[in-house]
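# Just to be clear, the model below is a prediction. Sequence and coordinates:
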Amino acid sequence: MRIASLPEFLLLRIERAAPDARTRKPLNRQLYQIIRDAILAQQLPAGLQLPSSRDLARELALSRNTVTYAYEQLIAEGYLETRAGAGTFIADTTPDQIPAATGGKAALTDPSGASELSARGAQLLRHAGVSNLQWGAFMPGVPDVTLFPNKIWSRLQNKHWRRSRAELLTYGEGGGYPPLRAAVAEYLRMARSVNCDASQVLITTGIHQSIDLAAKLLGEAGDRAWVEDPCYWGTRSVLNSLGIKPVPIAVDAEGLQLRPKDLRHPPRFIHVTPSHQYPLGMVMSLSRRRLLLEYAAAHKVWIMEDDYDSEFRYGSRPLASLQGMDSQDRVLYMGTFSKTLFPGLRIGFMVVPQSLAESFATGLSELYRGGQGFAQAVVADFMTEGHFASHIRRMRLLYAERLRLLQEAINRHFGDSVRITGGEAGLHLALGLPDGCDDLAISREAAAQGIIARPLFRYYMNPATAQRGLLLGYACVPEQQIGPIFERLAGIIKRHWPARKVG
């Protein structure tokens with residue numbers, strides 16, 4: 001079968017495709033795409049014979065090379081076929097009859113794709129805490145990356161590039177780059193009283209991957225995990241994505257507040273931030289730590305100790321880890337370089353009991369294919385040459401000053417009418433607000449003015465016990481900007497104050 005009007009069909013579409021010569025694709029690509037699209041739309045039926053490349057080129061007033069390119073590309077992709085002595089034809093690519101659907105999800109009607117999500121996926125997105133704003137006043141949990149010692153880092157990078165070591169550019173070893181594992185183990189023993197050697201240290205991409213790996217290797221779908229309420233939203237998201245149910249446990253001035261009814265039903269995991277509760281900032285008391293460890297040992301519960309920013313403590317030495325008190329090997333210690341170096345590095349670490357070390361190293365490699373050997377080598381040198389400790393000391397002094405300025409600004413505008421928690425450590429504080437003060441509305445209005453103020457309400461799982469407040473990070477805000485920007489935020493807060501204006 002042959003259609004005499006095929007050249008006109010193609011010419012019309014070439015003219016419509018790109019009337020503006022400045023934006024027009026090359027003619028050979030235009031011709032290829034027009035024929036391909038027409039085949040897919042069944043405008044050119046299977047079995048249709050096409051003119052020879054010479055004839056079509058003459059009728060379209062194109063060079064033969066242009067038509068030849070289009071034909072050859074379409075033949076290579078299976079849209080056309082050649083028959084010896086007969087010519088070029090549209091290939092039959094129509095799939096066999098597809099049985100009618102008997103069940104399953106309805107056809108996609110939502111252009112966003114939301115209707116195609118699983119229940120677990122929909123829940124993840126519904127409770128997502130991520131934001132497109134990751135820098136500026138008052139973003140919590142972000143260090144001042146503008147003051148990172150770039151020259152030292154560049155020198156260390158260049159040293160490894162000059163060596164041209166292939167093992168740093170291929171897939172990494174199961175547990176991570178050995179010298180970095182050794183450096184992390186040494187640092188944790190000295191600074192955090194963690195009991196470990198290098199074989200127990202696993203290099204991950206951060207807290208999310210550490211939780212994910214531990215939950216996959218030690219948990220089953222349907223297991224429960226106690227989490228502090230409020231807690232870091234990412235913890236809940238990772239656990240939920242694995243089918244592990246987070247169970248909120250309230251916190252008070254001493255940390256995780258376990259009640260007799262809670263203790264009667266042991267979970268599989270307990271996730272805690274004992275050295276600096278996130279986001280409220282309290283320190284878990286010694287009695288609570290001992291209770292937690294004894295309970296975990298008695299009921300074979302795994303404790304995930306998230307030690308996310310313990311290096312930054314102002315006015316006192318960093319506190320010892322919960323893992324350092326564990327004599328029954330029930331604690332999985334997790335940390336990250338996101339706060340001490342820079343978040344974009346995406347390198348963290350986990351310390352597991354010796355009995356699990358080999359299994360976890362294999363699991364890490366099997367699930368995630370280790371890499372980042374080059375970056376891990378640079379971090380290892382940064383630590384062993386003393387730059388890591390020096391950087392932390394310098395930033396601790398700077399962050400303490402920025403914390404002081406933010407606290408003074410809060411006191412200047414609100415005095416004793418608000419409560420500040422978490423102001424002794426870390427990179428943020430929590431500004432408590434009265435119950436009738438809508439922190440969600442304040443956060444939205446602040447964002448419209450370019451100010452980041454995370455609403456405390458969003459960090460709670462149990463709305464009945466949720467407090468109102470704002471998380472305010474100060475680490476990445478220059479000193480001279482803290483007062484003026486908080487003054488603007490204070491104006492927003494006062495407009496939402498429930499009974500009377502303050503200040």
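Arrived safely.
# Could you pull up the residues touching residue 182?
198, 201, 380 (CB atoms under 8 Å, 6 or more residues apart in numbering). In this view, the C-beta of every residue, glycine as well, is placed from N, C-alpha and C.
# Among those, which are located in helices?
Applying DSSP state H to these, the entries found in helices are residue 380.
# From residue 273, how far out is residue 200?
21 Å (CB to CB, to the nearest Å).
# who's more crowded, those two?
Using other CB atoms under 10 Å as the criterion, residue 200 and residue 273 rank with residue 273 on top: 31 against 23.
# State the pLDDT value of the more buried one.
Looking at residue 273, its pLDDT is 96.
# quick one: contacts for it?
Residue 273 neighbours (CB under 8 Å, 6+ apart): 228, 231-232, 305-308.
# Show me the protein divided up by domain.
The chain breaks down into these domains under automatic domain parsing: 6-90, 162-385, 390-495.
# Columns distance to residue 136 on top of those domains, output as a markdown table?
Listed next are the domains of the chain as a markdown table, based on distance: least, CB to CB, whole Å:
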| stretch | distance to residue 136 |
| --- | --- |
| domain 6-90 | 37 |
| domain 162-385 | 14 |
| domain 390-495 | 6 |
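# So for residue 123, which of those sits nearest?
Nearest to residue 123 among the domains of the chain is domain 162-385 (6.1 Å), distances taken as CB to CB.
# ranking the contacts of residue 182 by neighbours, who comes first?
Busiest of the contacts of residue 182 [other CB under 10 Å] is residue 201, holding 28 neighbours.
# Find the residue closest to that one in space, skipping its chain neighbours.
The shortest distance from residue 201 to any non-neighbouring residue, by CB to CB, 6 or more residues apart in numbering, is to residue 181 (4.3 Å).
# after the helix or strand of the chain with the lowest mean pLDDT, next one along is what?
The weakest-scoring helix or strand in the chain, judged by mean pLDDT, DSSP states H and E, is helix 6-17 (a mean of 68). Toward the C-terminal end, the helix or strand that comes next after helix 6-17 (DSSP states H and E) is helix 27-40.
# Give the other helices and strands that that next one contacts.
Helix 27-40 is packed against helix 6-17, helix 64-76, with contacts defined by 3 or more CB pairs under 8 Å, 6 or more residues apart in numbering; DSSP states H and E.
# how does it look with 10 Å?
Using 3 or more CB pairs under 10 Å, 6 or more residues apart in numbering; DSSP states H and E, the elements in contact with helix 27-40 are helix 6-17, helix 53-60, helix 64-76, strand 80-83, strand 87-90.
# tell me the mean pLDDT over the helix or strand just after that helix?
Scanning forward in sequence from helix 27-40 by DSSP H and E, the next helix or strand is strand 49-50. Across strand 49-50, the average pLDDT comes to 89.
# distance between strand 49-50 and the chain's centre?
Put simply, strand 49-50 sits 53 Å off its chain's centre (CA atoms, centre = their mean, to the nearest Å).
# And the strands in the stretch 251-400 of the chain, which stretches?
Assigned by DSSP state E, counting those that start in this stretch, the strands in the stretch 251-400 of the chain fall at 255-256, 269-272, 302-306, 331-336, 348-351.
# got the buried residues for the second one?
Buried positions in strand 269-272, judged by neighbour count with 16 or more other CB atoms under 10 Å: 269-272.
# Can you tell me which of those is nearest residue 390?
For these, the closest approach to residue 390 (CB to CB) belongs to residue 272, at 30.4 Å.
# got the angle between the host helix or strand of residue 186 and strand 331-336?
Using DSSP H and E, the secondary-structure element containing residue 186 is helix 178-192. Calculated by axes from the mean of the first three to the mean of the last three CA atoms, to 10 degrees, helix 178-192 forms an angle of 110 degrees with strand 331-336.
# Next, the angle strand 302-306 makes with helix 178-192.
90 degrees.
# next one: helix 178-192 to chain centre, how far?
25 Å.
# Output that helix in CSV with nothing but the alpha carbons.
Only the C-alpha atoms of helix 178-192 are listed here, as CSV (Å, rounded to 0.1, in the frame of the first residue of the first chain):
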residue,chain,number,x,y,z
PRO,A,178,39.1,2.3,56.5
PRO,A,179,41.2,5.3,57.5
LEU,A,180,38.0,7.3,58.0
ARG,A,181,36.4,4.6,60.1
ALA,A,182,39.5,4.6,62.2
ALA,A,183,39.5,8.4,62.6
VAL,A,184,35.9,8.4,63.6
ALA,A,185,36.4,5.6,66.1
GLU,A,186,39.3,7.5,67.7
TYR,A,187,37.3,10.8,67.8
LEU,A,188,34.2,9.2,69.3
ARG,A,189,36.2,7.4,72.0
MET,A,190,37.9,10.7,73.0
ALA,A,191,35.0,13.2,72.6
ARG,A,192,31.9,11.2,73.2
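# got the buried residues for that helix?
178-188, 191-192.
# Identify the residues contacting residue 188.
Shown in contact with residue 188 (CB atoms under 10 Å, 6 or more residues apart in numbering): 194-196, 200-201, 307, 321, 323-324, 333, 335, 349, 351.
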